[in-house]
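In: Below is the structure, and that's it, no one-letter string:
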């Protein structure tokens, strides 16, 4: 049972219940829940789907939401009839044409929450696609997520005469320009490649009817906020805008205030919560021991699919190299890898032939593999919210999962920041045999230095000013070079 009162669903949809579905009752929250500046108690425009009592169950179906029959048929072919909470609340508001802010953790079906109603709206106002223009623009932080969204568009709109396309870096621009020249109804793009195409006059945003920012918090972390503001300035002022995110940092709240008009603010979980089905733990080890611990841990779980997160691209490559040397089939994906390399690794990971994937945070967005059993935080993230995104790669599609963080003494501050954010203490597990235990009672050197007052400098032997100043003044570049090399 999720925080919103619904039963936990699959990564995109919930399977239909055995009871006869009925249209849900709409009511106000019974208890206070505040999401930054989003007050979900005193906002009467918000539709809250809930379970009124311990035994009474309320359900909603895609058909009761009023979606077009071809869309319903496409969903039926995939075996889906019951929306997840974020879908049940967001779809009616998007169908009305309202701006929407949707906050939900990863794996709750945010992609379908905006894709399905936008397909419906495009069909209800059918306009032929014009060359070098789009009607719906979806911005995504990563290539993998952009590909995943466009795949969902094609899947749900398989029976609709609509055109969709993806533009992203890492691949040739020529096929993308050719596709845009034919006209596109729905365009999924990464901000960098989108602006490149606009500068080359291959795309005009004057006819955009709906702008979607997916994984807005991640785009902020990557540094895409200036690019997003440029794009917003290029689309018409009279447009629908949808923002979906797993967390709501201050910068995203400001963006919402500035550019969304009276948005329906929907949250199915509190800010930065983690899925209840994820078993979290932390292991305190020295930094040099992390490689050995990771290798030994994965050798004991060779049959499971695992994602190992590192803080840097170089770190991802080093971990992958060590695991391969230890006989573990692994591959790394990050921004320095070509798009073909990344897609090849992801395809192997999805079909199970590659059991271990090492990823940086940016590259990991868009990894939607229901079978991931274990998440290993090789390095703790410097931004606490990123921890939520990382472990959200497991426990998808209603399954359970495990997340293990390896914490070096110098990372304890990062661990405490994560625990404050998720409002729980992560259980500690013992390091494997052969690894030196970390004495938790000893304060790390970095923290001791941070807490100590600066020591006074030792007094230098007094020398006449005449003996010091001329040498300092007369030293030129050659003197500096000699000092540096000598």
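Out: All right, it came through fine. None of the values given here were measured: they were computed from a predicted structure.

In: What count of nearby residues applies to residue 231?
Out: As a burial measure, residue 231 scores 21 neighbours (other C-beta atoms under 10 Å). (C-beta placed from N, C-alpha, C; glycine too.)

In: part of a helix, is it?
Out: Yes: when DSSP: H, G, I helix; E, B strand; the rest coil is applied, residue 231 is found to be in a helix.

In: which residues does it contact?
Out: 137, 139, 191, 194-195, 205, 211 (C-beta atoms under 8 Å, 6 or more residues apart in numbering).

In: If we use 10 Å, what do you get?
Out: Contacts for residue 231 (C-beta atoms under 10 Å, 6 or more residues apart in numbering) come out as 137, 139, 189, 191, 194-195, 198, 205, 208, 211, 213, 224.

In: from the residues you listed, which ones fall inside helices?
Out: Using DSSP state H, the subset of those located in helices is 191, 194-195, 198.

In: Considering those, which possesses the most neighbours?
Out: Counting neighbours by other C-beta under 10 Å, residue 194 leads the ones in helices among the contacts of residue 231 with 25 neighbours.

In: Quick check: nearest residue in space to it, chain neighbours excluded?
Out: Nearest in space to residue 194, with sequence neighbours left out and distances taken as C-beta to C-beta, 6 or more residues apart in numbering, is residue 167 at 6.0 Å.

In: Would you map the helices across the stretch 301-450 of the chain?
Out: Applying DSSP state H, counting those that start in this stretch to the stretch 301-450 of the chain gives helices spanning 313-325, 339-351, 361-364, 384-391, 412-422, 445-451.

In: lowest-confidence stretch among those?
Out: Here the lowest mean pLDDT among these goes to helix 445-451, at a mean of 48.

In: picking up where we left off before, show me the two of the contacts of residue 231 that sit farthest apart.
Out: Farthest pair in the contacts of residue 231 (C-beta to C-beta) is 208 and 224. Separation: 17.7 Å.

In: correct me, but residue 401 touches residue 372?
Out: Yes: taking C-beta atoms under 10 Å as the definition, residue 401 is a contact partner of residue 372 at 6.6 Å.

In: Which neighbours do these two have in common?
Out: The overlap between the contact sets of residue 401 and residue 372 (C-beta under 10 Å, 6+ apart) consists of 304, 392-395.

In: Just the buried ones from these?
Out: Among those, the ones that count as buried by 16 or more other C-beta atoms under 10 Å are 392-395.

In: Can you name the two of those residues that sit furthest apart?
Out: Across those (C-beta to C-beta), the longest gap, 8.7 Å, separates 393 and 395.

In: how about residue 280, what does it touch?
Out: Going by C-beta under 10 Å, 6+ apart, residue 280 touches 274, 375, 377, 387, 391, 401-405, 418-419, 422, 424-427.

In: Kindly report the same for residue 135.
Out: Contacts of residue 135 by C-beta under 10 Å, 6+ apart are 118, 121-122, 125, 127, 129, 162-163, 183-187, 207-210.

In: Please check these and keep the buried ones.
Out: 118, 121-122, 129, 162-163, 183-187, 207-210.

In: Sort out for me which of those are in helices.
Out: Per DSSP H, the subset of those in helices is 118, 121-122.

In: What is the nearest of those residues to residue 286?
Out: Among these, and counting by C-beta to C-beta, the member closest to residue 286 is residue 118, at 50.3 Å.

In: one step back: as CSV, the buried ones among the shared contacts of residue 401 and residue 372 with distance to residue 260 and pLDDT would be great.
Out: Shown next, in CSV, are these (distance: C-beta to C-beta, whole Å; pLDDT from 0 to 100):
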residue, distance to residue 260, pLDDT
392, 24, 83
393, 29, 84
394, 32, 87
395, 31, 79
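
In: from those residues, which is closest to residue 346?
Out: Lowest distance from residue 346 to these (C-beta to C-beta) belongs to residue 393, with 12.1 Å.

In: isn't the closest one right up against residue 367?
Out: Yes: counting by C-beta under 10 Å, residue 393 does reach residue 367; the two are 5.7 Å apart.

In: where are the low-confidence patches of the stretch 201-350 of the chain?
Out: For the stretch 201-350 of the chain, the stretches with pLDDT under 70 are 269-275.

In: how about the strands of it, start to end?
Out: Remark: strands assigned in the stretch 201-350 of the chain by DSSP state E, counting those that start in this stretch are 210-213, 240-245, 264-267, 278-284, 305-309, 330-333.

In: Relative to residue 153, how far out is the residue nearest to residue 194?
Out: 14 Å (C-beta to C-beta, to the nearest Å).

In: ok, the closest residue to residue 67 other than its chain neighbours - contacts?
Out: In space, and not counting its chain neighbours, residue 67 is closest to residue 120: 5.3 Å by C-beta to C-beta, 6+ apart. Contact partners of residue 120, counting by C-beta under 10 Å, 6+ apart, are 65-68, 70-71, 91, 94-95, 156-157, 160.

In: distance of residue 120 from residue 361?
Out: Distance, residue 120 to residue 361, by C-beta to C-beta: 34 Å.

In: what's the answer for residue 384, then?
Out: From residue 384 to residue 361 the distance is 12 Å (C-beta to C-beta).

In: Those two: which is more packed in?
Out: residue 361 (23 against 19).

In: got a list of what that one touches?
Out: Going by C-beta under 10 Å, 6+ apart, residue 361 touches 141-142, 218, 221-222, 309-311, 334, 379, 381-383, 386-387, 389-390.

In: one more time with 8 Å, if that's ok
Out: For residue 361, the contacting residues are 218, 221, 309, 311, 381, 386, 389-390, by C-beta under 8 Å, 6+ apart.

In: How about residue 408: what's its closest non-neighbour residue?
Out: Spatially, and ignoring its direct neighbours in sequence, residue 408 is nearest to residue 287 (4.1 Å; C-beta to C-beta, 6+ apart).
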